[in-house]
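[1] Next comes the sequence, and after it the predicted model I'd like to discuss.
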Amino acid sequence: MANAVNKQERTTLIHSIVGIALMVFFRYLPISLPEVTPVGMEILGVFLGTLYLWTFVDPIWGSLLSIAMVGFSSYSNMSAVLAEAFGSPVVAQVFYMMIMSGGLAYYKITAYIGRFFLTRKFTNGKPWLLVGVICVGCYFIAGFINAFTPIFVMWPVLYGIFEEVGYKKGDAFPRVVLTLVVIASLLGFPMAPFAQNGLALLSNFEAITANLPDGPVVVNSAAYLAVAIILGMVMILAVVLFSKYVFRPDSEKLKGYDVESLNRHPLPPMSLGQKLYCVGFIVVILGLMIPSLFPTLPGMAYLKGCVYGIALFIVAILAAIRVKGEPVLDVAKVMSTNMSWGAYFIIVAAILLGSVLTSEATGISAFLRVMLSPLFDGMSQVVFIILLLLLAGILTNVCNSLVIGMIMQPIIVTYCTQTGADPRPIVTLMIQFVLLSAAITPAASPFAAILHSNKEWVPTKFIYQFTPPVVILELIITLVVGIPLCNLLM
């Protein structure tokens with residue numbers, strides 16, 4: 001045991017040294033990249049080192065070191081870099097939305113949501129219909145709360161159901177269903193344009209297109225959400241049918257299961273504090289979405305301008321209201337127990353790096369234009385989207401999906417600038433696909449890593465058999481359904 005720990009510590013140390021060396025010494029390599037300035041070489045080294053640390057070491061200190069190294073570079077002074085990183089309105093919104101989402105888990109409201117999807121009577125005797133309902137539940141919980149929650153809510157309940165009806169660890173049906181929980185959670189991950197990595201990538205694209213002749217490219221939130229939900233529902237139907245008719249695990253034991261059996265251990269009635277919290281969360285979601293849904297109504301322009309403060313305002317109100325002497329939202333407790341700090345700091349560093357990498361001072365955008373322009377010559381939009389998503393799907397499964405999304409965005413800008421194509425449908429499909437397809441390897445996303453860690457119920461060999469066909473299926477649906485859908489709605 002001690003030898004294994006020492007070996008892991010040595011491996012982590014080696015990876016850490018490699019990541020730091022990339023940040024510090026990459027600029028000195030005898031490499032000449034067209035259009036890239038000395039500042040660009042510094043920033044490129046920081047970016048590559050950050051990517052390496054995110055993949056092989058730790059997202060938190062890798063992100064913090066990344067921000068510090070940008071501050072130490074010739075790009076700008078430390079005060080300006082810190083202001084750009086932590087002062088971004090998007091980062092603030094991510095922070096407060098994480099508090100709100102974390103509160104749903106801390107106050108066990110997610111248990112009521114999960115129980116709702118698990119106790120629909122129309123699924124009795126219909127195992128695959130029950131699986132489909134569970135996947136839909138995971139999808140919406142992942143989209144509006146976070147993608148960790150449905151995994152941690154659904155898996156323990158499913159363990160109990162499987163053991164009750166006679167399934168053992170590693171049996172075919174349980175491992176398919178547990179994997180589908182992760183797949184459905186990933187499908188919901190990019191759904192909301194006002195939270196998580198979807199918000200980060202949409203905001204980053206707006207920032208890197210700010211200097212275009214026509215101004216920044218802004219994707220309509222309502223259209224983005226509509227595309228995500230339609231694609232998500234189609235994909236859930238497709239992967240459930242794929243599981244049933246292609247993998248064909250034995251589901252007979254679940255046919256006699258009565259979902260009402262869960263009510264033998266009913267949850268207590270929701271408290272006043274929980275109900276008030278739910279109201280506050282719904283108000284936040286509506287406040288973020290209404291300006292995009294009804295942009296012409298009076299007051300919508302003002303509300304849109306206040307959008308980044310809505311979550312902060314509701315957090316403050318819920319923290320101020322007390323029920324039986326306790327705040328409806330205890331911010332300190334939620335932040336200490338239910339905040340995904342790794343995801344938060346990745347988003348902070350990613351948004352900063354996205355802005356810095358595409359700055360004119362680095363010359364990296366110009367380099368991409370020089371290198372990619374010959375490839376785009378005469379290429380149709382459909383062919384470009386196919387190649388873009390294929391490349392994104394491959395890269396996102398060996399690397400962090402948010403980073404790959406950032407890398408793809410300047411390529412989209414270059415193509416659209418050269419051809420005159422509308423970038424909004426392309427970037428919408430890219431963002432959604434790059435985030436929802438990160439399922440194959442542990443490096444692809446933290447959700448895939450959680451799946452790989454559940455070796456007792458889901459063997460690693462099965463994951464590599466099951467997830468690649470699913471990702472290919474998702475790619476086909478994105479192309480066949482997503483392209484005309486985006487063109488229609490955007």
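    That came in fine, so what should we check first?
[2] what's in contact with stretch 65-85?
    Contact with stretch 65-85 is made by 20, 23-24, 38-39, 42-43, 46-47, 49-50, 53, 91, 348-349, 351-353, 355-356, 359, 361-362, as judged by C-beta atoms under 8 Å, 6 or more residues apart in numbering. (C-beta placed from N, C-alpha, C; glycine too.)
[3] how about a cut-off of 6 Å?
    23, 39, 42, 43, 46, 50, 348, 349, 352, 356 (C-beta atoms under 6 Å, 6 or more residues apart in numbering).
[4] what packs against the helix or strand that contains residue 207?
    Assessed by DSSP states H and E, residue 207 sits inside helix 196-208. The contact analysis (3 or more C-beta pairs under 6 Å, 6 or more residues apart in numbering; DSSP states H and E) places helix 196-208 against helix 341-357, helix 401-419, helix 423-436.
[5] how about 10 Å then?
    Packed against helix 196-208 by the contact rule (3 or more C-beta pairs under 10 Å, 6 or more residues apart in numbering; DSSP states H and E) you find helix 89-106, helix 127-144, helix 221-242, helix 341-357, helix 401-419, helix 423-436.
[6] Out of the ones you listed, which is closest to residue 448?
    Closest to residue 448 of the helices and strands packed on helix 196-208 is helix 401-419 (C-beta to C-beta; 9.3 Å).
[7] quick one, the closest one and helix 423-436 angle?
    On the basis of axes from the mean of the first three to the mean of the last three C-alpha atoms, to 10 degrees, helix 401-419 is oriented at 160 degrees to helix 423-436.
[8] low pLDDT regions in the stretch 201-350 of the chain?
    Where the stretch 201-350 of the chain drops to pLDDT under 70, the residues are 262-263, 292-293, 304-305, 307-308.
[9] the strands in it, which residues?
    With strands called from DSSP state E, counting those that start in this stretch, the stretch 201-350 of the chain shows them at 322-323, 326-327.
[10] Adjacent strands (with direction) for the last one?
    Read it as strand 326-327. Its sheet considered, strand 326-327 pairs with strand 322-323 (antiparallel) by DSSP bridges.
[11] any residues touching the strand it pairs with, and which ones?
    Applying C-beta atoms under 10 Å, 6 or more residues apart in numbering, the contact partners of strand 322-323 are 271, 272, 273, 274, 275, 276, 277, 328.
[12] Among these, name the buried ones.
    273, 274, 276, 277, 328 (16 or more other C-beta atoms under 10 Å).
[13] Of all pairs in these, which one is the farthest apart?
    Once C-beta to C-beta is applied, the buried ones among the contacts of strand 322-323 give 274 and 328 as the farthest pair, at 8.5 Å.
[14] any shared contact partners between these two?
    Common neighbours of residue 274 and residue 328 (C-beta under 10 Å, 6+ apart) are 103, 107.
[15] Run through who's touching the longest helix seen in the chain.
    Longest helix in the chain by number of residues (criterion: DSSP state H): helix 2-25. Residues from elsewhere that reach helix 2-25 (C-beta under 10 Å, 6+ apart): 29, 42, 44-58, 61-62, 65-66, 68-70, 72-73.
[16] Make a ChimeraX selection of the buried ones in those.
    Buried residues within the contacts of helix 2-25, by 16+ other C-beta under 10 Å, are selected in ChimeraX with:
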select :42,44,45,46,47,49,50,51,52,53,54,55,56,57,58,62,65,66,68,69,70,73
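[17] Give me the subset of the contacts of helix 2-25 lying in helices.
    Short answer: these in helices (DSSP H) are 42, 44-56, 61-62, 65-66, 68-70, 72.
[18] on that earlier part again, out of the buried ones among the contacts of strand 322-323, which is nearest to residue 373?
    For the buried ones among the contacts of strand 322-323, the nearest to residue 373 is residue 277 (52.0 Å; C-beta to C-beta).
[19] Would you check how far apart that closest one and residue 196 are?
    Distance from residue 277 to residue 196, counting by C-beta to C-beta, to the nearest Å: 20 Å.
[20] same deal with residue 202?
    11 Å.
[21] Point out where the stretch 351-490 of the chain drops to low pLDDT.
    Ranges of the stretch 351-490 of the chain meeting pLDDT under 70: 372, 443.
[22] Could you say which one of the strands of the stretch 201-350 of the chain comes nearest to residue 468?
    strand 326-327 (46.9 Å).
[23] Can you give the distance of the closest one from its chain's centre?
    Offset of strand 326-327 from its chain centre (C-alpha atoms, centre = their mean, to the nearest Å): 31 Å.
[24] Over to stretch 216-225?
    Worked out by C-alpha atoms, centre = their mean, stretch 216-225 lies 17 Å from the chain centre.
[25] buried set for it?
    Within stretch 216-225, the residues scored as buried using 16+ other C-beta under 10 Å are 217, 219, 220, 221, 222, 223, 224, 225.
[26] Going by distance to residue 255, which of these wins?
    Nearest to residue 255 among the buried residues of stretch 216-225, counting by C-beta to C-beta, is residue 225 at 36.2 Å.
[27] Pull the number of nearby residues for the closest residue to the closest one other than its chain neighbours.
    Among residues not flanking residue 225 along the chain, residue 193 sits closest, at 5.9 Å (C-beta to C-beta, 6 or more residues apart in numbering). Using other C-beta atoms under 10 Å, residue 193 has 25 other residues around it.
[28] May I have the secondary structure class of residue 193?
    Three-state assignment for residue 193 (DSSP: H, G, I helix; E, B strand; the rest coil): coil.
[29] For it, which residues are in contact?
    Counted by C-beta under 10 Å, 6+ apart, residue 193 has contacts 199, 201-203, 219-225, 227-228, 288-289, 292, 428, 431.
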